[in-house]
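Peer 1: Predicted coordinates and the sequence they were generated for:
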2 protein chains.
Amino acid sequence: MGQRIASTATALSNDCAHCNLGKLCMPIAVSSEELEQLNDVIQQGRVFDRGDHIFYQDDAFTSCFAVKSGSIKTYTVSEDGEEQVTGFYLPGEILALDSVSMDRYTSCAVALERSSVCEIPLEKLEQLASVIPSLQHHFFQLMSQEIRGSRELAVMLSRNSAEERLASMFVALSKRNERRHLSPYQFRLPMARADLGNYLGLAVETVSRLLTRFAKQGLMDVRGREVTIHDLEGLKAVVTHQTECRHA
Amino acid sequence: MGQRIASTATALSNDCAHCNLGKLCMPIAVSSEELEQLNDVIQQGRVFDRGDHIFYQDDAFTSCFAVKSGSIKTYTVSEDGEEQVTGFYLPGEILALDSVSMDRYTSCAVALERSSVCEIPLEKLEQLASVIPSLQHHFFQLMSQEIRGSRELAVMLSRNSAEERLASMFVALSKRNERRHLSPYQFRLPMARADLGNYLGLAVETVSRLLTRFAKQGLMDVRGREVTIHDLEGLKAVVTHQTECRHA
DNA sequence: CGGGGTTTTGAAGGGGGTCAACCATGGTGG
DNA sequence: CCACCATGGTTGACCCCCTTCAAAACCCCG
């Protein structure tokens, strides 16, 4: 590992070595020379305001994106204009891996709050990955994880009740915050209830009703966008215990 | 039992260049020298009988597998013993891409009929992919497609009615048969109704009821395992037209 | 303070799950 | 060759979870 403390390093840390995320998105052991090459490929930290789009569905595909700060929502628009939320991305996570095999983006990506995003041009990345085996390996891993994640989501959406889906979502959000060394018990909800419902295949009303139920059960609490999880284990129990709860 | 491609001289084609699938699973332009290297990596055509397992959940992960003939079902087993079907794989398709980032397989894989399967040791493949850029590129594409496929599945399972899910499944099966240059209108259903239902998040009874409904509507027909699609466009219409059908 | 979007709450109705029974099919052994 | 049984598939009745429709409450910012 190289030295992390450099006198010239600023809050604007304009390369992967000094990214405040540590190596969350690129946790690979690369030499400093290789890291330099990676920096030539990755364009650091473009900023998007709330509501700004990183890319639109059917735009020509060129790059994947890593979230540096803030949060991003991806969604598709069907021919009848219906919006379908396909994912939420937090710092350290990578967007558009599902578009790699297409020449156009398969979804829109919009900032849910002021966010900073690094661009990873795929062509250059592939060239570099041929030269740095560990980088190739890492991208295989990343994509494989993405496959597993989507597959687990599919299973959850097909088998679990509304209650289980929502609990599972908050458990996942909690876990993702912990990964970033933030509190798994208290965090800001980046998306609206409607987005949550849309993503989970539930009506907004159902989401709302369940959140009040969770609150009454002492599991968690959402005031506006401020989430407080009182009983993480209890939430996890809701996810797995298929419909065993009595609603007295 | 009456499989078309079966018993004749397929055992002789012991390399990718002469595989009767053409380049369905490895549609890359590689030189003959490179193809030879690929053959050194890929172990051709091990045969599994109906019910045989290619791998089990939690086995040490070493390889992905390409289906050469037959059909494979993947499924997970939860701690309470429930089986969850996660995928069906036909000739030219690749299994276990979701386990690449794990040291153990995340699901079981079992042959639904007598099947032949090529083994692709991942470590060797990664080494080769570093040397052959088009191979690396192809695997990125493959995995990206897998991500997109799972994500589409998730959306379908979360938003579509039972009718739409099942219609969508048969449209997909039809497409996959067409890809293999087989009839998109007439094929053998490799899996049981229960597997279909489990995969789609439906009760067996629902699958059965819908199939008889589709038959009454003149859309398609399933006698035992023999599928005949009478009105492919009609089926596609069922998938997209969210709940517009009148059930007279 | 007022307006629009978001969230919550209530009532009603349907899609699909569950339970239960019946039927079809094919493999097996006498 | 057929009786037998096991597995898989079909059909019916009932009921509950979740969606839909409707409206009130809330909240954030101008």
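Peer 2: Structure received.
Peer 1: any idea how chain A splits into domains?
Peer 2: A:16-151, A:160-247 (automatic domain parsing).
Peer 1: Residue A:189 and residue A:223 touch, don't they?
Peer 2: No. Between residue A:189 and residue A:223 no contact is recorded; they are 9.9 Å apart, counting by C-beta atoms under 8 Å. To be clear about C-beta, it is placed using only N, CA and C from the backbone, and glycine gets the same treatment.
Peer 1: what's near enough to touch the residue most central in space within chain A?
Peer 2: The centroid of chain A falls nearest to residue A:89 when counting by C-alpha atoms, centre = their mean (2.2 Å). Listed by C-beta atoms under 8 Å, 6 or more residues apart in numbering or on different chains, the contact partners of residue A:89 are A:67, A:71, A:72, A:73, A:74, A:95, A:109.
Peer 1: before we move on, what about residue A:122?
Peer 2: Here residue A:122 is in contact with A:61, A:62, A:63, A:64, A:100 (criterion: C-beta under 8 Å, 6+ apart).
Peer 1: Reformat these into CSV and put neighbour count and distance to residue A:162 next to each item.
Peer 2: Formatted as CSV, the contacts of residue A:122 follow (neighbours: other C-beta atoms under 10 Å in any protein chain shown; distance: C-beta to C-beta, whole Å):
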residue, neighbour count, distance to residue A:162
A:61, 17, 35
A:62, 16, 39
A:63, 21, 36
A:64, 22, 32
A:100, 23, 33
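Peer 1: need those in a markdown table with distance to residue B:78 and secondary structure, can you?
Peer 2: Listed next are these as a markdown table, based on distance: C-beta to C-beta, whole Å; DSSP: H, G, I helix; E, B strand; the rest coil:
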| residue | distance to residue B:78 | secondary structure |
| --- | --- | --- |
| A:61 | 37 | coil |
| A:62 | 41 | coil |
| A:63 | 38 | strand |
| A:64 | 33 | strand |
| A:100 | 31 | coil |
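Peer 1: quick one: which of those is nearest to chain B?
Peer 2: Nearest to chain B out of the contacts of residue A:122 is residue A:100 (C-beta to the nearest C-beta; 3.6 Å).
Peer 1: And the closest one, how far from residue B:184?
Peer 2: Residue A:100 sits 27 Å away from residue B:184, taking C-beta to C-beta, to the nearest Å as the criterion.
Peer 1: need the residues of chain A near chain B, please.
Peer 2: Contact residues (C-beta under 8 Å from any C-beta of the partner chain) of chain A with chain B: A:76, A:84, A:86-87, A:97-102, A:106, A:126-127, A:129-130, A:133, A:136-137, A:139-148, A:150-151, A:153-155, A:157-159, A:199-201.
Peer 1: related to what we said a few turns ago, find the one among the domains of chain A with the highest mean neighbour count.
Peer 2: Most buried of the domains of chain A, by mean neighbour count (mean count of other C-beta atoms under 10 Å in any protein chain shown): domain A:16-151, with a mean of 18.
Peer 1: for that domain, the distance to its chain's centre please.
Peer 2: Computed by C-alpha atoms, centre = their mean, to the nearest Å, the chain-centroid distance of domain A:16-151 equals 10 Å.
Peer 1: Just confirm yes or no for it near DNA strand C.
Peer 2: No. Between domain A:16-151 and DNA strand C, judged by C-beta under 7 Å from any atom of the strand, nothing touches; the nearest distance is 10.0 Å.
Peer 1: Straight-line length of that domain, end to end?
Peer 2: Using C-alpha to C-alpha, to the nearest Å, the end-to-end distance of domain A:16-151 comes to 30 Å.
Peer 1: Is it positioned near DNA strand D?
Peer 2: No. Domain A:16-151 is not in contact with DNA strand D by C-beta under 7 Å from any atom of the strand; minimum separation 9.5 Å.
Peer 1: Show me the shaky parts of chain A.
Peer 2: Applying pLDDT under 70 to chain A flags the ranges A:1-14, A:28-30, A:241-248.
Peer 1: Where does residue A:39 sit: helix, strand or coil?
Peer 2: Following DSSP: H, G, I helix; E, B strand; the rest coil, we place residue A:39 in the helix state.
Peer 1: Hmm, residue A:128 is touching residue A:134, no?
Peer 2: No. If you go by C-beta under 8 Å, residue A:128 and residue A:134 don't touch, sitting 11.0 Å apart.
Peer 1: Which parts of chain A are helices?
Peer 2: A:32-41, A:122-131, A:133-159, A:162-179, A:193-200, A:204-216, A:232-240 (DSSP state H).
Peer 1: Quick check: the residue nearest to residue A:40 when sequence neighbours are not counted vs residue A:66, distance?
Peer 2: Leaving aside its chain neighbours, residue A:40 sits nearest to residue A:124 (8.0 Å; criterion: C-beta to C-beta, 6 or more residues apart in numbering or on different chains). Here residue A:124 is placed at a distance of 14 Å from residue A:66 (C-beta to C-beta).
Peer 1: Same check on residue A:102?
Peer 2: 19 Å.
Peer 1: cool, and residue A:176?
Peer 2: 14 Å.
Peer 1: any idea which of the contacts of residue A:122 is closest to residue A:35?
Peer 2: residue A:64 (18.4 Å; C-beta to C-beta).
Peer 1: Can you name the residues that contact that closest one?
Peer 2: Applying C-beta under 8 Å, 6+ apart, the residues contacting residue A:64 are A:94, A:95, A:96, A:97, A:99, A:100, A:119, A:120, A:122, A:125.
Peer 1: what do you get if the cut-off is 6 Å, keeping everything else the same?
Peer 2: A:94, A:96, A:97, A:120 (C-beta atoms under 6 Å, 6 or more residues apart in numbering or on different chains).
Peer 1: The first one and residue A:66 touch, don't they?
Peer 2: Yes. Taking C-beta atoms under 6 Å as the contact criterion, residue A:94 and residue A:66 are neighbours in contact, 5.1 Å apart.
Peer 1: What sits closest to residue A:97 if chain neighbours are left out?
Peer 2: residue A:146 (5.1 Å).
Peer 1: meant to ask about residue A:174
Peer 2: Nearest to residue A:174 is residue A:184, by C-beta to C-beta, 6+ apart, at 4.2 Å.
Peer 1: From DNA strand C, how far off is that neighbour?
Peer 2: Distance, residue A:184 to DNA strand C, by C-beta to the nearest atom of the strand, to the nearest Å: 21 Å.
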